[in-house]
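S.K.: pasting the structure only:
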């Protein structure tokens with residue numbers, strides 16, 4: 001059986017933290033658009049997920 005977690009999903013992207021290195025257990029879900037913020041000048045944020053999370057939008061990453 002294949003790994004159906006976020007880390008092997010086509011919409012998962014490694015999360016680069018402020019120090020410029022990837023957080024090994026967290027990533028960004030790029031399936032849906034960013035979530036808007038309450039202030040008009042604030043940037044939208046992509047949902048942060050753990051590599052072992054999963055959802056119904058999973059699509060196998062192509063190698």
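M.R.: Now that the structure is in, tell me what you want to look at. Nothing here was measured: the structure is a model prediction, and the numbers come from that model.

S.K.: For this structure, which segments count as strands?
M.R.: Here the chain has its strands, by DSSP state E, at 12-16, 22-29, 48-50.

S.K.: With respect to residue 57, which of these lies nearest?
M.R.: Minimum separation from residue 57 across these (Cβ to Cβ) falls at strand 22-29, 8.3 Å. All C-beta spots, glycine's among them, are computed from the backbone N, C-alpha and C.

S.K.: Note down every partner strand of the closest one and its orientation.
M.R.: strand 12-16 (antiparallel), strand 48-50 (antiparallel) (DSSP bridges).

S.K.: contacting residues around it?
M.R.: For strand 22-29, the external contacting residues (Cβ atoms under 8 Å, 6 or more residues apart in numbering) are 6-7, 11-17, 46-52, 55.

S.K.: Just the buried residues out of those, in ChimeraX syntax.
M.R.: Here is the ChimeraX selection string for the buried members of the contacts of strand 22-29, based on 16 or more other Cβ atoms under 10 Å:
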select :6,7,11,12,15,46,49,51
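
S.K.: what residues are up against residue 36?
M.R.: Contact analysis of residue 36 by Cβ under 8 Å, 6+ apart lists 42, 44.

S.K.: Any stretches of this structure with poor pLDDT?
M.R.: Across the chain, the ranges flagged by pLDDT under 70 are 1-2, 17-23.

S.K.: With distance to residue 38 as added columns, please give the strands paired with strand 22-29 in TSV.
M.R.: Formatted as TSV, the strands paired with strand 22-29 follow (distance: least, Cβ to Cβ, whole Å):
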stretch	distance to residue 38
strand 12-16	22
strand 48-50	18
